[in-house]
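# just to be clear, the model below is a prediction. Sequence and coordinates:
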Amino acid sequence: MRLVLRGITKRFGSVVANESISLTVEPGEIHCLLGENGAGKSTLMNVLYGLYKADEGEIELDGEVQHFTGPGDAMAAGIGMVHQHFMLIPVFTVAENVMLGNESTGFAGTLDLDASRERVTEISERFGFHVDPDALVEDLPVGVQQRVEIIKALSRDAELLVFDEPTAVLTPQETDELMEIMRQLKEAGKAIVFITHKLREVRAVADRITVIRLGKVVGEADPKASNVELASMMVGRPVELVVHKDAPTLGADALVVKDLRVVDLAGHKQVDGLSFTIRAGEVLAVAGVQGNGQTELTEALLGLQDDVSGSIVLDGIELVGRSTRKILDSGVGFIPEDRQVDGLVPQFTIAENLMLNRSFKSPFVKSGNLRIGALREFAEVKLKEYDVRARDIDSLAGNLSGGNQQKVVVARELSRDLRLLVAAQPTRGVDVGSIEFIHKQIVATRDSGIPVLVVSTELDEVVALADRIMVLYRGQVVGIVPADTPRETLGLMMTGERPKDLKDVVA
Amino acid sequence: MSDTDKPQPDDKPDAATEAPRTPEVDATEDASAAADPDARSRSLLREIASGDALAGVLAVFLAVFVGSVMIAATNEGVRETATYITARPSDFFNALWEAISGAYSAMFRGAIFNYNLTEPAQQWRPLTETLKFAGPLIAGGLGVGIAFRAGMFNIGGRGQMLMAGGAAGWVGFELDLPTIIHLPLAILVGMVVGALWGGIAGLLKARTGAHEVIVTIMLNYVAYYLLFYALSRQFLLQAPGSANPKSLPMKETAILPKVLGDQFNLHLGFVLALVAVAFAWWLLSRSTLGYRIRAVGENPHAARASGINVGKTYTIVMLIAGSLLGLAGVNQVLGTVTSGVSLDLDASIGFDAITVALLGRSRPFGILAAGLLFGALKAGGFTMQTSENISVDLVLVVQSLIVLFLAAPPLVRAIFRLPAQEAK
């Protein structure tokens, strides 16, 4: 199916999210939409999917102009969407999920589950998905759940598939498998729109690349273009993709973790006998597929987990058993992995968010009263210093883009006297420009002699920031290796395998 | 007002998809807005237009309109003239006008200013009645509203009032003390008991995760029957030689003094309610405790990750909320009905307070305004009944309709064709 978008314009009040965007996607083609977060990619796809009505412009499928009033129309016209967050019901089986919203029924409204099961098997075999129609979705790995989403779209005869940031939740191996699936779908003549901001993936599969910035098409790029070229197009200026950092000036052992164990509320051991040391002025990056104990590790460091044993000693002070407030007060900075949940109060202003973990003592508190003047002054300074793009310090944090929200969190944490910085997924969902900025801040923190623990599921980020890399698998250390360890080795370690000749590096 | 429908990211996640992330306001747009001196007033206008304040006013307006329809429908003159409306429509419209204007002018006379009287003091007496009724509604509304701000739904206003009223009443009729000690002591005891009764729900939520709605509802029953027990035992609250569940009247030394002289019933309770408004304003917008309360209410996860003890905050909030509803109970027992503690001392204020807090958007000054409105409805309702023979229940209907319209902002928006809060 040939998709033509012609002059699509979408405004939200005075803000133009899409400005006369034109785009053609041919059948049998993978068309990449590349752009920073907030560039308007998702808005454009929501227009295509019938969730938003365009103010101007038209959507044409195979030469016919379409007027979608909702996702139902779009689906009927042959558009399938694979969302970043899966729209699946965990307690239903694959077959039940696939038929959901499109149930074929028999006598007296009984569900024709067999038909759906057959359909799943058929599609699964055709594309080599290996999906069991009777498996419960909640039992499936993330990568397979995504395939269920694809099957769901294909079962409705989708000819145009939209993948919205599909690799955000996948392991490197699963990402490679997805790339393979996308190539197969392309061979089968489907038109594919692939939305992403990861340059590596774009170059791996794209036939054509359209770069969007600030709601406008900046231009088409050649898949063979270099990363630097693509990144500059996205951001509109030259970008440094490599983090420049000098060799670390290592101090004494600052954070010593011994035999740390964390049991979650359900009774599962999430962190299982972890021991490591970070020296002053060093970045230890934790690599691993999401859900291998990283979250619990960082939360245990901050006193946010209830069932913790072992010891965490920071500059001679034991942190296990201390309250979060005491830990923060003893100089631990925390960039949580989900800023929307743990990092910010979205309905608070930027200024209010900047004092979130300092609501008990000076400088913003005086005998139970807020020192609003001092806070505002501080916020004005930080807004400039950290280049937070917002109307003013009274803007609600929830109305900022991901990158700017993260800058608020980073500004808050780095403005205190730190003895340790814990940064979990510091640049997840953050645009390229802000990534560069945040990385520089983290390196600067290290260079000022503070130990830093970075947790990231992005291998690029781990490699860029780390002085040493610790790979976690199922709550255990697979190995602690130098930053220049080959990616293949790291990828292998992330699956729990430890190469025979591997040697741990001691700080 | 071209930009009233600014995008609100993540405002309404669509069922069919992830919340469509509307793009942020981009930097160039921001710069121009910051340079514009009118930007702030425009954003204020936007807040009024798309925020809940206007919706609140319109909800009241709609409720009054529906109330008018009911007045007209139940009015005999209107019904009679309606039978020959085609022959003489003017009769019908006259009757309609008389019924509705009669009702609302009676309400005005009962709630604000009685122009049928000649002596100025008597003319303004209704206004003082309104303020008298508003006192406990404001105090109670603050108690519910502060809990709302911490993300808690305090349905236990009735229980908190009953316990506070019972305790303050006991101090009021039992002890013999000079006014300067007796009255403050009675007020303090009432507020402390109310605080403790509310605090139970907060503590249970903090320690066990028990939902405060269920706990507070159940504590209402417990409080009611405890008070009933105490009022039927002579050694506790029951008046000696009486068989009724009622205590002795308050001693003079414990009664809230009249603030405008003896010819008006307005007592110190209203002033205390105003003090409570000032306190709540300070608490919520100037104090660090209030900052933490709001943080917990808006995002308990972030509050916890920032070292704020969420459970402790819940407990403190319910203590404060209970003390404010306790103040409402004190208001009743030591001010409005001083003839003794009885089981109906709460006069359904515990529940009306929820409406007041909702209508006031849980903001102290909003609650003040909503409390005054409800006080006026209460005061005016009696006059409406006596002079126009319209059932006082109508006031309840109007109050209930206000809640209904408040709970359905999209409906109100649709009726008045207001800009939607979400860009569509």
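Cool, the structure landed.
# for residue 415, which non-adjacent residue is closest in space?
Chain wasn't specified; assuming chain A. A:Lys382 (6.4 Å; CB to CB, 6 or more residues apart in numbering or on different chains). No exception for glycine: its C-beta is placed from N, CA and C like everyone else's.
# that's the wrong chain, I meant chain B
Nearest one to B:Ile415, counting by CB to CB, 6+ apart, is B:Leu62 at 6.8 Å.
# quick one: residues in contact with the helix or strand harbouring that neighbour.
Here B:Leu62 sits within helix B:52-74, counting by DSSP states H and E. With CB atoms under 8 Å, 6 or more residues apart in numbering or on different chains as the test, helix B:52-74 has contacts from B:47-48, B:78-79, B:96, B:99-100, B:103-104, B:359-361, B:366, B:370, B:373, B:390, B:394, B:397-399, B:401-402, B:404-406, B:409, B:412-413, B:415-416, B:418.
# only whichever of these are buried, select them in PyMOL.
Selection of buried members from the contacts of helix B:52-74 for PyMOL, criterion 16 or more other CB atoms under 10 Å in any protein chain shown:
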select buried, chain B and resi 78+96+99+100+103+104+359+360+361+366+370+373+390+394+398+399+401+402+405+406+409+412+413+418
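# on that earlier part again, who's in contact with the residue nearest to A:Ser415?
Contacts of A:Lys382 by CB under 8 Å, 6+ apart are A:Leu354, A:Val388, A:Ala411, A:Arg412, A:Ser415.
# the third one and A:Ser362: what is the separation?
As for A:Ala411, its distance to A:Ser362 is 18 Å (criterion: CB to CB, to the nearest Å).
# and these two? Which one has more around it.
Set A:Ala411 next to A:Ser362 and count neighbours by other CB atoms under 10 Å in any protein chain shown: A:Ala411 wins out with 22 against 9.
# wait, is the more buried one part of a helix?
Yes: assessed by DSSP: H, G, I helix; E, B strand; the rest coil, A:Ala411 belongs to a helix.
# so it sits against A:Met355, correct?
No: using CB atoms under 8 Å, A:Ala411 is not in contact with A:Met355, being 11.4 Å away.
# which neighbours do those two have in common?
Contacts common to A:Ala411 and A:Met355, judged by CB under 8 Å, 6+ apart, are absent.
# hang on, the earlier thing: which elements pack onto the helix or strand following the helix holding B:Leu62?
Downstream of helix B:52-74, the first helix or strand assigned by DSSP H and E is helix B:76-82. If contacts are counted by 3 or more CB pairs under 8 Å, 6 or more residues apart in numbering or on different chains; DSSP states H and E, helix B:76-82 sits against helix B:89-111.
# which residue packs closest to residue 221, ignoring adjacent ones?
All of this is about chain A. A:Ile209 (4.2 Å).
# should've been chain B
Sequence neighbours aside, B:Gly159 is the residue nearest to B:Tyr221 in space, at 7.7 Å (criterion: CB to CB, 6+ apart).
# so for that neighbour, what's the pLDDT?
Looking at B:Gly159, its pLDDT reads 97.
# and the helix or strand harbouring it, what's buried?
Using DSSP H and E, B:Gly159 falls within helix B:157-174. For helix B:157-174, the neighbour count (16+ other CB under 10 Å) marks B:157-173 as buried.
# for the following helix or strand past it, which positions count as buried?
Per DSSP H and E, helix B:157-174 leads on to helix B:179-208 as the next helix or strand towards the C-terminus. Under the neighbour-count criterion of 16+ other CB under 10 Å, helix B:179-208 has B:182-183, B:185-206 buried.
# I'd say A:Asn357 and A:Arg412 touch.
Yes: using CB under 8 Å, A:Asn357 makes contact with A:Arg412 at a distance of 7.1 Å.
# rewinding a little: could you give the angle of the helix holding B:Gly159 to helix B:179-208?
150 degrees (axes from the mean of the first three to the mean of the last three CA atoms, to 10 degrees).
# what is helix B:157-174 packed up against?
So helix B:157-174, by 3+ CB pairs under 8 Å, 6+ apart, packs with helix B:120-149, helix B:179-208, helix B:212-231, helix B:310-331, helix B:349-359.
# by contact count, what packs against the fourth one?
Okay, so that is helix B:310-331. So helix B:310-331, by 3+ CB pairs under 8 Å, 6+ apart, packs with helix B:120-149, helix B:157-174, helix B:179-208, helix B:268-286, helix B:288-298, helix B:300-305, helix B:349-359.
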